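A.B. asks: Build me a model from this:
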Amino acid sequence: MMAFKTEKVNMPFAVKDCALIARMAGIDTALNLRELRERLKNAPVECLFHHFCETQIRPTFDDPEFRNDFAIWTARELHDRVLAERLGIINPYANGSFEDLRTMVIEIIDDHLAELPFVPWVHKGQDFRFMRAVTVVFDTGVKLHKPEDLIAALPDMSLSTIYYHYIEARRRTEKSTDDFSQWLEGFGEGVEPLLNSLRNIDFYFMSLPELKEHLLAAVSAAVGERARG
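C.D. replies: Predicted structure coming up:
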């Protein structure tokens, strides 16, 4: 493999893995759209993150059409396809913050409520339950020392490792980016092709297996560009 010419040596990258422990958020459930809107006003940000972003790592998540729980509940329980599609196209990472996301969701619901002749209800047991989760993180013992190590290690990384470092990291990093990119930035301009490949992935509407495939394709493209250069 052709080595990336870098300006300096960076700190080693410790590869982590993770698991979610989900629990009720301490908010009343919603039996209709108006109740959903009112609960959303006061729901902690962790609820928004769970229902929009942590769906990708939950083993029980199996909806092929929508990526967030609000759209899924609206489609499955309220049988409101119009609202489900409006909620389903939201990319939470395209907003400035999760407070901006909250405002967007409430505005969409408000606009839709204004169009309805009546507010539909669901039966008990079909109510929307607000959840939040704790991310349990553990060290895999794998350390990366240079960009080539990341390229070599990606095929063997678990999907939960991919989630932690590429998706969940956007809550933790100063620039709201993935851990891989933040680490690679420390090597200077020599890794720009690899950085660009990682940053240009439109990941939100992908499953984790699809995201891993795109990451592998991205690093392969970066290696090829480096070789041609």
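A.B. asks: Which neighbouring elements make contact with the helix ranked longest in the chain?
C.D. replies: The longest helix of the chain (DSSP state H) is helix 208-228. Where contact means 3 or more Cβ pairs under 8 Å, 6 or more residues apart in numbering; DSSP states H and E, helix 208-228 is packed against helix 147-153, helix 159-162, helix 192-199. (Each C-beta comes from the backbone N, C-alpha and C, glycine too.)
A.B. asks: Give me the contacts around the second one.
C.D. replies: Okay, so that is helix 159-162. Outside helix 159-162, the residues within contact range by Cβ atoms under 8 Å, 6 or more residues apart in numbering are 15-19, 57, 140, 208-209, 211-212, 215.
A.B. asks: Next, the buried residues of the helix or strand bottoming out on mean pLDDT in the chain.
C.D. replies: Least confident element among the helices and strands of the chain, by mean pLDDT, DSSP states H and E: helix 208-228 (a mean of 84). Neighbour-count burial for helix 208-228 flags 208, 211-212, 214-215, 218-219, 222-223, 226 (criterion: 16 or more other Cβ atoms under 10 Å).
A.B. asks: Residue 200: which of those is nearest?
C.D. replies: residue 218 (7.4 Å; Cβ to Cβ).
A.B. asks: ok, now which ones touch that closest one?
C.D. replies: The contact partners of residue 218, by Cβ under 8 Å, 6+ apart, come to 197-198, 200-201.
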